[in-house]
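Asks: return atomic coordinates for the entry below.
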Amino acid sequence: MTLRPAFKMLRRFWKQECGTAAMETVVMFPFLFMGLTFSYEYFDMFRYQSVREKATYTVADMLSRETAEVNEAYINNVKVLFDIMTNDDGNNQVRVTVVRYHLDTDNNIDEFELRWSEVRGSGDLNPLSADDVRNAHATLPQMLDGQELILVETSSDYDPVFSTGFTDGTNIKTRMFVPLRFASQLCFEGVCTAA
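Replies: This is a model prediction of the structure:
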């Protein structure tokens, strides 16, 4: 019996239609603005990552078609090309590594050999060492004995347009494996060895 007056009051409040659009706008505008800001930032970060993946694929494909020996200037220009394709002056880093696979079941050999690794740009990527790739079966694809593979990795710092808090300090990393297309090996100046 005591709830009946409370329900009447609630029903009267629910049916009441007087109010001002200005007041509703003041209450709802911050939520609308936050929603638009978060949505823009979220999709901009995906755009940022997508552009870097496409640039990484292009650089890897370019390297896979190379038949001549590459040198310091070539790798420097790989980084320049990556920066141009991503269309920013951000903190980008590119690592190019060539790995060869060895499989000899008679002598129990099943390992990757580092041919060479070069890094351009500043950041947390370092040239890979022989120990990094020797038993990297979990991170490198299956290959045929004696096959070489080019591994292109990039790292870029994402600077958000709005400081919303959930994309601040995000580092976007991409990785691409590609086999050689027209040559049996991709040589770096002074590092190339016999197959």
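Asks: pLDDT weak spots in this structure?
Replies: Counting by pLDDT under 70, the chain has low-confidence residues at 1, 19, 166-168, 193-195.
Asks: and the helices in it?
Replies: 3-15, 21-64, 72-86, 130-134 (DSSP state H).
Asks: and the contacts of the third one?
Replies: Taking contacts as Cβ atoms under 8 Å, 6 or more residues apart in numbering, the residues outside helix 72-86 that touch it are 51-52, 54-56, 58-59, 62-63, 89, 92, 94, 96, 118, 120-121, 154, 156, 188-189. C-beta here means a position set from N, CA and C on the backbone, and glycine is covered the same way.
Asks: who wins for proximity to T105 among the helices of the chain?
Replies: Closest approach to T105 among those (Cβ to Cβ): helix 130-134, 17.4 Å.
Asks: for the closest one, buried residues please.
Replies: D132, V133 (16 or more other Cβ atoms under 10 Å).
Asks: run through who's touching that helix.
Replies: Defining contact as Cβ under 8 Å, 6+ apart, one finds that helix 130-134 is touched by T97, V99, E111, F112, E113, L114, L140.
Asks: redo the helices of the chain as CSV? Include distance to M176.
Replies: Converted to CSV, the helices of the chain look like this (distance: least, Cβ to Cβ, whole Å):
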stretch, distance to M176
helix 3-15, 59
helix 21-64, 4
helix 72-86, 12
helix 130-134, 16
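Asks: figure out which of those helices is closest to R175.
Replies: Of all those, it is helix 21-64 that lies closest to R175, at 7.4 Å by Cβ to Cβ.
Asks: any idea how far the closest one is from the chain center?
Replies: With Cα atoms, centre = their mean, to the nearest Å as the basis, helix 21-64 stands 15 Å off its chain's centre.
Asks: what's the local residue count around the closest residue to L151 other than its chain neighbours?
Replies: For L151, ignoring the flanking residues on the chain, the nearest one in space by Cβ to Cβ, 6 or more residues apart in numbering is T97 at 4.4 Å. T97: 21 surrounding residues under other Cβ atoms under 10 Å.
Asks: wait, doesn't T97 sit right on E153?
Replies: Yes. Counting by Cβ atoms under 8 Å, T97 touches E153, with 7.5 Å between them.
Asks: now for A21, how many residues are close by?
Replies: Neighbours of A21 under the rule other Cβ under 10 Å: 7.
Asks: neighbour-wise, give me the winner out of the contacts of helix 130-134.
Replies: Tallying neighbours with other Cβ under 10 Å puts V99 at the head of these, with 23 neighbours.
Asks: would you agree that one is in contact with Q147?
Replies: No. The pair V99 / Q147 is not scored as a contact, 9.3 Å apart, by Cβ under 8 Å.
Asks: which residues do those two both contact?
Replies: When contacts are counted by Cβ under 8 Å, 6+ apart, V99 and Q147 have no shared neighbour.
Asks: quick one: contacts for the nearest residue to E148 once chain neighbours are set aside?
Replies: Distances taken as Cβ to Cβ, 6+ apart place R100 nearest to E148, at 4.8 Å, with adjacent residues excluded. Neighbour list for R100: F112, E113, R115, G146, Q147, E148, L149, Q185 [criterion: Cβ under 8 Å, 6+ apart].
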